[in-house]
Structure formats: C-alpha cells, structure tokens
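> sequence isn't available, so here's the structure alone:
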Ligand SMILES: Nc1ncnc2c1ncn2[C@@H]1O[C@H](COP(=O)(O)OP(=O)(O)OP(=O)(O)O)[C@@H](O)[C@H]1O
Ligand SMILES: [Mg+2]
C-alpha cells in the first residue's frame, strides 16, 4: 500500500543550524505513528514540514503521494493540525473558532455550522459555545484546538504534544477521542513526552535525538530491542557503591537516589541481591517501559 | 507576469474566509466599534475646525486654470483622502500586526489551505471595507455641506478606495517589518507629517521649492491631488499619474507583505 507520508533524507536547516538531519519515514494509511525525543530533537520541525507549512531544506517528502512544494494547498486541505502551542483566535467565540476555520477549508456557511455543532459535542464544549476563548481552561482550549483540527474532515491528523499540560481526566478524554478517530480510519501522527501515551496510542514510533532518528518500531519491539523485560529499582538508606556489588546480576545504573537493575527476571534478581548481603530499604520490581528505552537511547542528562 | 500568475491562483472563497474572520471579530465587543467610530470623526473635526473655521479667514482659493473655490471645498477632499488612508492603515497596521505577531492568527490560518498571499489580499480587502465606510460617510458630509456635488462625489469615491488600497498595502508591508509596538510611534509620526504637509491645507506651490519637491515625492500628496481633482471636478492627465503612483504602492505593498508573511511564518 502507498505510504501516506514518505520521507527520504529529509533535512530542515535554520540558517546554519540543522534541526532535522536526514530522516527517513514511511507512515501507512490508518496507522498511529509517534515521535518521541527530548526537547529540541526536531519533532515539531518535522511536523511542520509534514504539515506543508515549512518547506524541507533538502531531501524528499511526499504526503498523500504529493509534493508539498507544488501541492501544498491540496495537501493541507486533507490535513488536520494541532500545533504544540494553542493558536485559537482570541477575537472569536468557541463556536466561531470552528465555523471560521471551516471556511478556510472552503466549507459553506451551512456546512460550517453543522460541522461546528458536531465538533462541539466531540470536544464536550457545547455549553461553552458562546464563550470567548480566553476564559477557557487549558484543557478546554486544547480540546477546542483538536476539534478545530477535525474541521476539514482530515485523512491525516498531526498532533504536536496534544496532551501536554492536561490533567489526567482531560488526557483520558482526549485519548478516547483519538481512539474514535482511529476507528474511523484516520491516520494519526503525534509527538509526545509521555511514554504511557505513546504506548497507549501508537502502533509505531520513532525516537529522535539531535535531528536524527535513533530508534524505530512498535512500543513492544522497542522495549524488546533496547531494554530487558524487567527493571528492579533499589533504594538504600546508607550511601555506598551498591552498584559495584551487583556485577553479574544485570546491567546496573546508579542514580543519585536509587540503583536500577535491568534484568530478565526481577524476582530472581532481588533474591540474588539479598544473597550478596545487600539490604536495600526499598525494592520495586516492574516491567520495562518505553521510558526506560527512551532514557537509555537519549541519555539521562539534560543536553540543551 | 508574476502578479497575473498569482492572481490566477487566488481562491475567492479562501480570501473571503480571511475577510469573514474579521467580520466575526467585529462582534467581539464594543471596544473595536469605539475605535472605528472615532476614526470617522477625526477628519470631520479637522474639516470643521480648519476647513470652515480657518476658511473664514482665508476666503477663497485659486486652484489653477483660473478656478476659484471656497477654502473648505479645497480642504474637504484632502480630508477625504486622509480618512481613506487612516481607515486602511488602522486595519493593516495595528490589527494586522497583532494578528501576525501576538495572536498567532495567521499561523493558525496557514495550517489550512489558505496561502500567504490570500491572507494578504483578504486583509487588504477588509481594510478597504473599513475605509469604504469612513469615506462613504465623509462624502455624505461633504455633499450635505455643499463641498462637492453630484457625479463628482461619485467619482471621488473610487479614487478614495484606490487611496485606501495604496496605503493599506504599504501599511501591511511595514507591519511585517515591525519589531514591536514602539515602531508604531514612528509610523504615527510619519502619518501625521504626511497629513500636515501633503497639500492638505495649502497648495504645495506655496511651499518653498525644496519642500515642494519633497512633498511631491510622498504618497499622500498624490492621494490628495487625485481625490481633490475629482471632487471639485478639475480633471486633467495629471490625475492618471497620481493614480499610477497609488497603483504601484498597492501592488508593491501587497506583494511584499505576502512574501514577508511566507518568510516569517513558514520558516
Ligand atoms: N524557526 C526557527 N528558527 C530557528 N531555529 C529553530 C526554528 N524552529 C526550531 N528551531 C530549532 O530547531 C531545533 C528543533 O526544534 P523543534 O521545535 O523541532 O524541537 P522539538 O523536538 O519539537 O522540541 P520540544 O520537545 O521542545 O517541542 C531547536 O534547537 C530549535 O531551537
Ligand atoms: Mg516541539
């Protein structure tokens, strides 16, 4: 099947700074695809190129099989975009934000009204329809921004950190909405800093770092490829070189407040820890998560 | 022709949608209306205080070709050109800048099929609407005061619209270059200088030669000459030159603004 998004050697430069440094991508219709990566990795820059707002500096990019440089108008007509920062129109009401946006996609006034009604329900904002945007809570604004992205009945929806800053209720509501979209066959491409979100929502994801793709796969296969199945977190009351005494048990990583042991079987490892005479004050055995993979791939220190 | 190619691909629906957004914003509150209404009264107050008030001292004025008109009839068309200018500038400077820089309105629009040039054209068309309201109302005042009449009043209206397009286009271009609100003080000062010295209150031939040469190069002079020529029925080939000057301003301003929107927001 033809890729909805196809990129080869995609590069974005700002002056002599390279934000996206030659990435290859293929996203199939109906897929939910995620970008992970630390701040400044180049996720938003990539999203803006896919959204046909920012033009690639070099490399090949095809969206729906079309060229963003020549067919930007037609491509954008089939896209829905939720930017990283809300840019709702402060001079318009909640409903007008939707109807006005629908007009940019060429819908008639009557169609725009119908569409706005549907989307107000979708975003659970019907009772705020006549309100200005400013007094809405952050979560409501985010919901409205996502609803606005749906106005043109898009085949591909781009969501740049859709749930950043939302409380758990709002996040779960959004996830549920995104599942609805997927069931309707809409292709989703999203970026997120929440690993649980990526695991929940994405069939496949890439981890970006420094403008490059450093890993790619399904959440499960990434964990399998880059991490052990289980992680043991050990906390110690007294200071000391605890990690040094764990040689052979598994890969040990000493953090300021605890030691992480990457192992195949957590319970076996805990037994071994005790056998070696270590007395941790706290022990937690858990499954590896995408977060472990992420930190392993992109490092624990903050690099700006 | 590049401009013909651009025009061929402009979508009236999308340009209309950009204008429609501003119609929606009109309903957002009384603050906007207050600004709009005060914009109408300003040139009327000048007309009354200077055109009529000072006019009582000045009496009548020779406008060339042996024609003599009341001073108020000389000043009124200039005020008409000024109101066309300031109506268009108000939209394409303050409001445009706010939408571009702070409200991220254009950024949101550019994620849709709308293109930068369609934003520029839609915004300019909207500025034209605001200007049309000012100039239309001002023309009614002029007719009521007997300062212009019949067909000439009708001819002055499209001329005033051309003035609005010219200043709207250039104002928009300048707005894309503005760094912050402090730059608007500069713009305001420039606008006021044009207002005082563009042959608005006295014929430029009365200025010292050097000053006349400078004034003749500036835009409001051409706007005033064109509008005045039509409003008082003093028509000649010179008007074509003035109109040409304004057309160039409108087209160049628009093209520059569209390009800058693309440069800054589609990086
Ligand atoms: N318009 C621009 N001009 C100059 N540099 C830019 C521009 N946009 C992005 N950058 C730079 O490109 C790099 C990648 O930015 P980008 O926004 O794509 O990162 P990101 O992965 O989305 O990060 P975050 O998680 O913080 O949103 C950053 O170093 C940023 O400073
Ligand atoms: Mg980002």
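Noted; the coordinates are in hand. The model shown is predicted, which means the values in this text are computed figures rather than measured ones. Ligands and ions are numbered 1, 2, ... in the order given.
> for the helix or strand harbouring residue B:72, packing partners?
Under the criterion of DSSP states H and E, residue B:72 resides in helix B:71-90. The criterion is 3 or more CB pairs under 8 Å, 6 or more residues apart in numbering or on different chains; DSSP states H and E, and the helices and strands that helix B:71-90 contacts are helix B:30-46, helix B:55-58, strand B:60-62, helix B:116-144, helix B:150-175, helix B:182-197, helix B:219-231. Every residue, glycine included, has its C-beta placed from N, CA and C.
> tell me if the next helix or strand after it is near chain A.
The helix or strand immediately downstream of helix B:71-90 is helix B:96-97, counting by DSSP H and E. No: between helix B:96-97 and chain A, judged by CB under 8 Å from any CB of the partner chain, nothing touches; the nearest distance is 12.9 Å.
> count the residues that sit near the residue of the stretch 151-267 of chain B found nearest ligand 1.
Nearest residue of the stretch 151-267 of chain B to ligand 1 (CB to the nearest ligand atom) works out as residue B:267 at 4.2 Å. Burial measure for residue B:267: 12 neighbouring residues, criterion other CB atoms under 10 Å in any protein chain shown.
> can you give me the angle the helix holding residue B:72 makes with helix B:219-231?
Between the axes of helix B:71-90 and helix B:219-231, defined by axes from the mean of the first three to the mean of the last three CA atoms, to 10 degrees, the angle is 130 degrees.
> what mean pLDDT does helix B:71-90 have?
The average pLDDT within helix B:71-90 is 95.
> buried set for it?
For helix B:71-90, burial by neighbour count (16 or more other CB atoms under 10 Å in any protein chain shown) applies to B:71-90.
> one more: stretch B:116-130?
B:116-128, B:130.
> quick check: residues of chain A near chain B?
A:14, A:51, A:53-55, A:72-74, A:76-77, A:79, A:81, A:83, A:85, A:87-92, A:96, A:99-101, A:103-106, A:132, A:152.
> which among the residues you listed end up buried?
Counted by 16+ other CB under 10 Å, the residues of chain A next to chain B give A:51, A:53-54, A:72-73, A:76-77, A:79, A:81, A:83, A:87-92, A:96, A:99-101, A:103-106, A:132, A:152 as buried.
> which one is residue B:112 nearest to, not counting chain neighbours?
Among residues not flanking residue B:112 along the chain, residue A:104 sits closest, at 3.9 Å (CB to CB, 6 or more residues apart in numbering or on different chains).
> show me where pLDDT drops low in the stretch 201-304 of chain A?
A:300-304 (pLDDT under 70).
> ok, the closest residue to residue A:263 other than its chain neighbours to ligand 1 distance?
Once flanking residues are discounted, residue A:263 sits nearest to residue A:250: 3.7 Å by CB to CB, 6+ apart. Computed with CB to the nearest ligand atom, to the nearest Å, the distance linking residue A:250 and ligand 1 is 31 Å.
> can you check the pLDDT for residue B:4?
Confidence at residue B:4, expressed as pLDDT, is 51.
> in the sheet, who's paired with whatever residue of the stretch 101-250 of chain A ends up closest to ligand 2?
Nearest residue of the stretch 101-250 of chain A to ligand 2: residue A:160, at 5.8 Å (CB to the ion). Beta-bridge partners of residue A:160, counted by DSSP bridges, are residue A:191.
> thinking it is in contact with residue A:44, fair?
Yes: Residue A:160 is within contact range of residue A:44, at 5.5 Å (criterion: CB atoms under 8 Å).
> anything in contact with each of the two?
Residues touching both residue A:160 and residue A:44 (CB atoms under 8 Å, 6 or more residues apart in numbering or on different chains): A:84, A:191.
> pull out the buried residues from stretch A:16-29.
A:18-21, A:23, A:25, A:27.
> can you tell me which of those is closest to residue A:214?
Closest approach between the buried residues of stretch A:16-29 and residue A:214, by CB to CB: residue A:23, at 10.4 Å.
> look up how far chain B lies from the closest one.
Counting by CB to the nearest CB, to the nearest Å, the separation of residue A:23 from chain B is 19 Å.
> OK, contacts around residue B:143?
B:149, B:153 are the contacts of residue B:143 under CB under 8 Å, 6+ apart.
> ok, now how distant is it from residue A:213?
Distance check for residue B:143 against residue A:213: by CB to CB, to the nearest Å, it reads 70 Å.
> what do you get for residue A:86?
Taking CB to CB, one finds residue A:86 at 28 Å from residue A:213.
> not counting sequence-adjacent ones, nearest residue to the residue in the stretch 151-300 of chain A that chain B sits nearest to?
The stretch 151-300 of chain A approaches chain B most closely through residue A:152 (7.2 Å), counting by CB to the nearest CB. The spatially closest residue to residue A:152, leaving aside those adjacent along the chain, is residue A:105, at 3.9 Å (CB to CB, 6+ apart).
> shouldn't residue A:12 be in contact with residue A:45?
Yes: here residue A:12 lies in contact with residue A:45, judged by CB under 8 Å, at a distance of 4.8 Å.
> understood, closing this out.
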